[in-house]
Each structure stands twice: as C-alpha cells, then as structure tokens.
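**Q** What follows is a predicted protein model with its sequence.
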Number of protein chains: 2
Amino acid sequence: MKPGVSPDTFPPRSHEAKRVSVVDAAASVFCREGYAGANIDLIAAEAGVSRQTVYNHHGDKEKLFVAVVRDLTERCNAGIFATIASFPDQPTNLEADLVAFAVRMNRNCICNRDGRFLRKLIQAEGERCPELFAEWREQGPGRTWSALAARFARLAFAGHLSIGDPDVAARQFFALVNAELQITFMLGGVPTEEEVLRSATNGVRTFLGAFARRKSPAGKQAALAHA
Amino acid sequence: MKPGVSPDTFPPRSHEAKRVSVVDAAASVFCREGYAGANIDLIAAEAGVSRQTVYNHHGDKEKLFVAVVRDLTERCNAGIFATIASFPDQPTNLEADLVAFAVRMNRNCICNRDGRFLRKLIQAEGERCPELFAEWREQGPGRTWSALAARFARLAFAGHLSIGDPDVAARQFFALVNAELQITFMLGGVPTEEEVLRSATNGVRTFLGAFARRKSPAGKQAALAHA
DNA sequence: GACGAATTGGACAAGCCTGTCTAAATTTGT
DNA sequence: ACAAATTTAGACAGGCTTGTCCAATTCGTC
C-alpha cells in the first residue's frame, strides 16, 4: 500500500526528490537567518530529512549554499526567459499589453518564491562570495537584459516606440514598473496583486509618456489626440 | 567626578568618542558578516577598544544592533533632508538642475557609507526585527517621500512640470534616476561618479520626456514669468 | 521475500561565540 | 598629585553548531 495520502507528513520521495527538498529548505533558511545564522539541523527538519542526509547529498554548508544559489539562478532564469517569450511584439493595445507583461514578470519572476530568495541571497551574501555572484551576474542579468532590450528595440523598429538606447529603455521600464514596490522589496515583503497592478499601470503610463511615438505610426493610436 | 556639579561637560570626550567608534565598527561588521555572523571580538578590534568596553557601552549584541540601526537612520535622515532642501524649486535649466539634484542625493544619501550600510541592514535583517524596521519606515521613507512629493508638486504648480500624482512622480523620479545602478546596489558595490551621472542624466531625460510641459519643447522654460 | 543501498537518529568531539568576572593599568577631574 | 572612574587583557563557563561515526531501520528493486 502506498502511504502517501496523509497531508501532514511527508510522502515518500525518491533520492532526487530529497535532494530538491533539501535545497528548497536550505534556500528558505539561508534567506531567513542569513548564511552564518542558518542551522543545518533546521534545514534538515524543514526538508523532512535527517541531518546526515543533508551531508550525504551536499557535503558541507558552503557547498550546500553554492548549490542553492545555482539552483535558484537556473530556475529564475528559466522563468524570466519564458516570460520574455510572451513579450508583446505585435501589440493590439500597447499600454494594456505592456502592463500585462510587467505584471506577468513580477508574478512569475520577481515576487515568486525563487525570485525573492535569490534576490535576498545576492544582497546579503554577494560580497562574501564574489566569484559565485559574478557567475550569477553573467548568467542572469547579463543575458536577460540584452534579451529584453532586443524586444524593446523590435517594438521601436515596428514603429510603436521612439527609443534612443534600447538597453537604457529596458532598464528604465523595469525601474518604472517596480517603482512603487521598492520598499516592500527592501523589507522582504510580498506586494499584493493590487499593488503590483497599480505600480505597473503607473509605470507603463510614464514609460509611454516618455517613449510612445507621438505621430501615430500604425494608425490606431491616432485616436488619442494628445496636444 | 561629582555627578550633577558640571551639567555642561557630562561625558568625557573620549568616552563618547569610543561609543561612536564602537557603533561605526559594529555597522561595518554587521553589514559585512550579517547579524549572526558578526563577532563581538572583531567589532571591538575594529573599533580599537576591548571587548569589555563594548559590553559596558551597549549591553549585549541585540542592543548594539538596535543602536546601530537607530544611529544610521538618524544620520541618513539628516542627510536626506539636507539634500531635499537643495531641491531646485526655481530651476534655471530644469534638466541640468534635476540631474545635479539626483547626483547630490546619490552621493550624499544613497551611495555614502551610512546609506549603503543602512540599506543592507534593512534588506538583510528587516524580517528578523519587524518593530525596529517599522519604526525606520515611519521615520525614514514615510517622511522623505512626502517631502519630495511636495517639491515636485510645487514644480508642477509653478508650471515646470505636468504631473498627475506627485507621490507617484517622486517615486518614479528616483526609480528612473537609479535605474542603471540597481545591480551595483544589489551586490553592495559603489558606482563610479560616471555611472551615477550617466544614470541620472538618462533618468532625468526620460522623466522630463514623460512629465515636462509639452508647450515649448526646445525653448528656455525659465523665460516664462512665474505666476 | 530477499538483498543492497539509502536513510535515520543519536552520540560524539572539536571549535567558536557570547557574556561575565577579575585584577591590573590607564585616564579623568579636581 | 590624588582619587574615582574607566579601560584593558585574559581567563572562564555555558551554550550552540559543524561535521563525523555507527548501528538499526527502511526503501527500492529484483
């Protein structure tokens, strides 16, 4: 019989599943307590395994930490690129499409578990492990920013935007869209769906105020008689 | 020493100076190593005092940490308000004045020692001490943001900007102006003067692209009589 | 059902850190 | 110069954590 239906206890897991459990629990504890304050016993308990299993899988605390950061980086990158794939290359309603994209990016990459944890680990331990986080910087921002800039450049090329430097525009887009969430992020909190939507709406509006083409390139925006 | 006889010179200079040394060293070590990883012996050595002196002045590690955060908050707030006082209320060249203001704010409040340390402590330990950082939130952002919003509202009232919500505009201004420094901030680094200037210039340009009055795009706005 | 591999729980040593204590040296105010 | 307060170095106990070892148990697979 399979005793895996009890919701309170851990169902039986494979070798690999336990490895993942340990990394997940370690991410949570490292974030909550900091590297020095993280306790292997607590990680083991939170993962539902014995302490010995943690050592069997990952060697020691430092190696476990590295595994956590690599894991989070990989998963976050996957989420970011998946979301970038949904960038509105051919928008029907530019403002609404960009807001929706910004909200997706927030929900799937920035505010979700992996995104919050990775950001906090980078902030807290970045200086302690220069080479590890230099690697993250190449793998993460180094690629995602240029991918995003390419999308904005395409929007501009198609006549939807009037952009000088696409890299600058991409960074400013995210700065604007998250402008009202900074303090929540700083304190490690999770913004509500309403806050995310409001910040994104305000941000996109300002972004388009600066970068939207004012001469009605495609014809649909001609309805908006501005000044 | 007779207590109460000389109310003007209560604390011997060296005594108070040592207290400050300890707080400064503690800020540095708490930031570098995290709260749990911070070692009182190291703090004492870095402050140039004995460990016992640390305990004499501040009681225990937790109290020392609280003293550090309060100290940094106070000093940062002073710097922020001093810089806000230099906000260009009557700009001669709006873009240049706003860029200069943004650069001042960065140099004096965000990138300096106190600003970097306070930000890192908030990010790293904010969740561990909710009441302490709730207090910071009231004392710091709660006041500085509304003061800044008031300055932008005045600029709008004077006809230099076309703003919907001044609070939103203030937050977006700083988001834009620091847009290109985010990763450096995240890793605890200090941007160069050139990076700060470039980010501020790009940010202000976009900000004005969204909020500058559109009536006279290329002319000198200072020529208009202020009503 | 049986066998090998993985897992568990607990004991264990070694090291580190906090916070206290003491006696000696130093500084401060008068 | 004197007396009180402060500072210092070092020792010290108590607690906690890491990483290892091991015997007993459970799991996966044939």
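**A** Arrived safely, thanks for sending.

**Q** Okay, buried residues for the helix or strand containing residue A:144 please.
**A** Assigned by DSSP states H and E, residue A:144 falls within helix A:141-157. Neighbour counts over helix A:141-157 (16 or more other CB atoms under 10 Å in any protein chain shown) mark A:141, A:144-145, A:148-149, A:151-153, A:155-156 as buried. (Glycine included, C-beta is placed from N, CA and C.)

**Q** List the contacts of the residue nearest to residue A:172 when sequence neighbours are not counted.
**A** Among residues not flanking residue A:172 along the chain, residue B:179 sits closest, at 4.8 Å (CB to CB, 6 or more residues apart in numbering or on different chains). Residue B:179 makes contact with A:168, A:171-172, A:174-176, B:199, B:202-203 under the criterion CB atoms under 8 Å, 6 or more residues apart in numbering or on different chains.

**Q** Spell out which residues of chain A are next to DNA strand D.
**A** With CB under 7 Å from any atom of the strand as the criterion, chain A meets DNA strand D at residues A:12-14, A:38-41, A:51-52, A:55, A:60-62.

**Q** Emit the PyMOL select command for whichever of the residues you listed are buried.
**A** A single PyMOL command is used to select the members of the residues of chain A next to DNA strand D judged buried by 16+ other CB under 10 Å:
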select buried, chain A and resi 38+40+61
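
**Q** Now flag whichever of the residues of chain A next to DNA strand D is closest to DNA strand C.
**A** Sorting the residues of chain A next to DNA strand D by distance to DNA strand C puts residue A:52 at the head of the list, at 3.5 Å, by CB to the nearest atom of the strand.

**Q** for the helix holding residue A:144, packing partners?
**A** Identification of packing neighbours for helix A:141-157 by 3 or more CB pairs under 8 Å, 6 or more residues apart in numbering or on different chains; DSSP states H and E yields helix A:61-84, helix A:166-177.

**Q** change it to 10 Å
**A** Under the contact definition 3 or more CB pairs under 10 Å, 6 or more residues apart in numbering or on different chains; DSSP states H and E, helix A:141-157 sits against helix A:61-84, helix A:94-105, helix A:166-177, helix A:193-211, helix B:182-186.

**Q** pLDDT wise, what is residue A:7 at?
**A** At residue A:7, the predicted lDDT confidence score is 37.

**Q** wait, doesn't residue A:59 sit right on residue A:67?
**A** Yes - Residue A:59 lies in contact with residue A:67 (CB atoms under 10 Å); the separation is 9.0 Å.

**Q** Which one's more surrounded, these two?
**A** Taking other CB atoms under 10 Å in any protein chain shown, residue A:59 and residue A:67 do not tie; residue A:67 has more neighbours (18 against 12).

**Q** In contact with the more buried one, which residues are there?
**A** Contact partners of residue A:67, counting by CB atoms under 10 Å, 6 or more residues apart in numbering or on different chains, are A:19, A:22-23, A:26-27, A:57-59.

**Q** Point out where chain A drops to low pLDDT.
**A** Along chain A, the parts satisfying pLDDT under 70 run over A:1-12, A:214-227.

**Q** Using the record's assignment, carve it into domains.
**A** Domain assignment of chain A by automatic domain parsing yields the ranges A:12-59, A:68-223.

**Q** Now find how far off-centre the first one is within its chain.
**A** Translated: domain A:12-59. With CA atoms, centre = their mean, to the nearest Å as the basis, domain A:12-59 stands 22 Å off its chain's centre.

**Q** and it, does that touch chain B?
**A** Yes - Domain A:12-59 reaches chain B (CB under 10 Å from any CB of the partner chain) through A:31-39.

**Q** tell me which parts of chain A are close to DNA strand C?
**A** Contact residues, chain A versus DNA strand C (CB under 7 Å from any atom of the strand): A:15, A:18, A:48-53, A:56-57.

**Q** need those in CSV with secondary structure, can you?
**A** Converted to CSV, these look like this (DSSP: H, G, I helix; E, B strand; the rest coil):
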residue, secondary structure
A:15, helix
A:18, helix
A:48, coil
A:49, coil
A:50, coil
A:51, helix
A:52, helix
A:53, helix
A:56, helix
A:57, helix
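
**Q** Report the buried members of the residues you listed.
**A** With neighbours counted using 16+ other CB under 10 Å, the residues of chain A next to DNA strand C contain these buried positions: A:18, A:49, A:53, A:57.

**Q** Mind putting the contacts of residue A:67 into JSON lines with secondary structure?
**A** Shown next, in JSON lines, are the contacts of residue A:67 (three-state DSSP):
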{"residue": "A:19", "secondary structure": "helix"}
{"residue": "A:22", "secondary structure": "helix"}
{"residue": "A:23", "secondary structure": "helix"}
{"residue": "A:26", "secondary structure": "helix"}
{"residue": "A:27", "secondary structure": "helix"}
{"residue": "A:57", "secondary structure": "helix"}
{"residue": "A:58", "secondary structure": "helix"}
{"residue": "A:59", "secondary structure": "coil"}
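
**Q** hmm, back to that, identify, from the residues of chain A next to DNA strand D, the entry nearest to residue B:74.
**A** Residue B:74 lies nearest to residue A:38 out of those, by CB to CB, at 31.2 Å.
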